[in-house]
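In: Here's my sequence, what's the structure:
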Amino acid sequence: MNATRLSILILALPCILGGAALTSGCNGDDVAASRRQQALRRAEVSDGGNSIRFPSGSPGLSRITSTMVEKRTATIPVIAPARVVASIVPGLSSTDRIVMFDSPDVTSLYSQYRQSSANVARASKNLSRIKDMFQNQAATAKDLNDAENDAATGKAAMAESESKLRGLGYNPPEFNTVAPGTAWLMCDVPESQLNEVQRGEDVPIQLASFPDGKFRGRADAIGEVVDPVTRTVKVRVSMPNPRGRILPGMFARVDFGDPISGIVLFPASGVVTVEGTDYAFIQLNDSEFVRRRITIGSSGAKDVIVLKGLSDGERVVTDGAMLLKGLSFGY
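Out: Numbers count the residues shown, from 1 in each chain. Below is the predicted model of the structure:
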């Protein structure tokens with residue numbers, strides 16, 4: 001009985017082994033075929049990553065969308081946060097004016113400037129008087145020297161306070177010429193967008209206290225220093241405030257964007273940045289793409305202005321740029 005079963009197993013063993021080998025061979029053929037199919041559908045990257053070609057039927061192509069670029073007129077918003085920093089109201093006489101600041105520190109600095117300005121005027125008059133007396137031998141050399149020192153000290157104090165005010169975005173001589181019924185706003189404009197700001201330009205203003213109101217102002221002055229921490233520049237904007245509703249301390253937003261003609265406006269989603277350099281991918285045909293270095297002028301929330309690198313009529317990838325970036329740069 002046991003001998004019979006052993007004989008059956010021995011006879012069946014070659015069949016079992018043959019079947020296993022057959023199955024293993026089939027699986028191996030399937031894996032090889034799958035790998036060949038993947039290789040056929042894999043993108044080819046050449047020219048140092050500048051050229052990418054997808055084979056027909058590659059699933060990567062379904063993830064890529066392109067659009068044709070053209071030159072046109074467009075407006076890129078340049079929104080800067082702002083704060084009402086001063087309100088100019090009439091003084092006791094028709095020629096007087098009172099400046100109401102939002103900051104006690106600026107109020108104190110303005111008072112110092114006015115006092116030093118008055119001291120300079122007084123010292124200058126006294127110096128002229130002493131010079132005249134000295135020429136007529138009615139004053140000594142010491143009197144003249146003291147008068148000259150007083151005048152120089154007054155000018156130094158005035159220059160110091162004026163410099164501090166200018167650093168905050170104010171132009172002290174304009175305090176005496178600004179019309180009553182005016183509000184001043186101070187905007188923080190990024191240095192990268194400062195080229196969009198033109199002195200004297202008309203700008204729309206949105207005040208947080210009056211969300212439905214439409215206000216307009218004028219860019220009066222551009223700051224002379226860049227904040228080393230925020231990398232912004234102060235821009236002062238004036239706006240009419242005849243009824244005094246605009247109060248110091250109110251928050252606002254100012255748009256310095258202007259219509260620009262003959263520019264290439266391109267979706268920001270198509271721009272990829274590597275080590276500080278901007279690129280876009282141009283679609284040559286249904287399956288070929290090339291990498292192109294571009295220069296960006298300014299950008300908004302959705303679009304960018306391309307100054308260099310793109311031409312009219314080219315198709316540029318807008319969706320799927322990150323896929324091409326990975327292939328192009330080996331990420």
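
In: residue ranges of the helices in the stretch 1-150 of the chain, please?
Out: Assigned by DSSP state H, counting those that start in this stretch, the stretch 1-150 of the chain shows helices spanning 2-41, 104-135, 141-167.

In: Arg236 - nearest residue in space that isn't next to it in sequence?
Out: Ala221 (4.5 Å; C-beta to C-beta, 6 or more residues apart in numbering). The C-beta positions use only the backbone N, C-alpha and C, and glycine is treated the same way.

In: wait, I meant Ser209
Out: Met250 (5.1 Å).

In: Ile263 contacts Lys308, correct?
Out: No - here Ile263 does not reach Lys308: they are 11.3 Å apart, not a contact under C-beta atoms under 8 Å.

In: Of these two, give the one with the bigger neighbour count.
Out: Counted by other C-beta atoms under 10 Å, Ile263 and Lys308 do not tie: Ile263 has more neighbours, with 17 against 10.

In: so how far is Asp255 from the more buried one?
Out: 18 Å (C-beta to C-beta, to the nearest Å).

In: and the residue nearest to Ser209, how many residues sit next to it?
Out: 19.

In: thought it was touching Arg83?
Out: Yes - using C-beta under 8 Å, Met250 is in contact with Arg83, at 7.2 Å.

In: residues contacting the residue nearest to Ser209?
Out: Applying C-beta atoms under 8 Å, 6 or more residues apart in numbering, one finds that Met250 lies in contact with Arg83, Val84, Leu207, Ala208, Ser209.

In: Buried subset of those residues, written for PyMOL?
Out: Restricted to buried positions by 16 or more other C-beta atoms under 10 Å, the PyMOL selection for these reads:
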select buried, resi 83+84+207
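
In: Dump the contacts of Met250 to TSV, plus distance to Gly60.
Out: Formatted as TSV, the contacts of Met250 follow (distance: C-beta to C-beta, whole Å):
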residue	distance to Gly60
Arg83	49
Val84	53
Leu207	49
Ala208	47
Ser209	52
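
In: contacting residues around stretch 212-224?
Out: Stretch 212-224 is contacted from outside by 166-167, 169-171, 174, 185, 194, 197-207, 233-239, 254, 256, using C-beta under 8 Å, 6+ apart.

In: for this protein, what's the longest strand?
Out: Taking DSSP state E as the criterion, the chain has its longest strand at strand 210-226.

In: Buried residues of it, list them for me.
Out: Within strand 210-226, the residues that count as buried by 16+ other C-beta under 10 Å are Phe215, Gly217, Ala219, Asp220, Ala221, Ile222, Gly223.

In: swap in stretch 60-78?
Out: Buried residues in stretch 60-78, counted by 16+ other C-beta under 10 Å: Gly60, Leu61, Ile64, Ser66, Val69, Ile76, Val78.

In: chain center to it: distance?
Out: The chain centre lies 20 Å from the centre of stretch 60-78; the measure is C-alpha atoms, centre = their mean, to the nearest Å.

In: again with stretch 161-174
Out: Worked out by C-alpha atoms, centre = their mean, stretch 161-174 lies 25 Å from the chain centre.

In: go on, stretch 266-284?
Out: Distance of stretch 266-284 from the chain centroid (C-alpha atoms, centre = their mean) equals 17 Å.

In: again with stretch 294-307
Out: 10 Å.

In: Dump the C-alpha coordinates for it into PDB.
Out: The C-alpha trace of stretch 294-307 is given here as PDB (Å, rounded to 0.1, in the frame of the first residue of the first chain):
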ATOM      1  CA  ILE A 294      11.800  83.900 -18.500                       C
ATOM      2  CA  THR A 295      12.000  87.300 -16.800                       C
ATOM      3  CA  ILE A 296       9.000  88.400 -14.700                       C
ATOM      4  CA  GLY A 297       8.100  92.100 -14.300                       C
ATOM      5  CA  SER A 298       5.400  92.000 -11.700                       C
ATOM      6  CA  SER A 299       2.700  89.600 -10.500                       C
ATOM      7  CA  GLY A 300      -0.800  89.500  -9.200                       C
ATOM      8  CA  ALA A 301      -2.800  86.800  -7.400                       C
ATOM      9  CA  LYS A 302      -3.400  84.900 -10.700                       C
ATOM     10  CA  ASP A 303      -1.200  86.400 -13.500                       C
ATOM     11  CA  VAL A 304       2.300  87.600 -14.000                       C
ATOM     12  CA  ILE A 305       3.800  90.000 -16.500                       C
ATOM     13  CA  VAL A 306       6.500  88.300 -18.500                       C
ATOM     14  CA  LEU A 307       9.100  90.800 -19.800                       C
END
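
In: Right, I'll leave it there.
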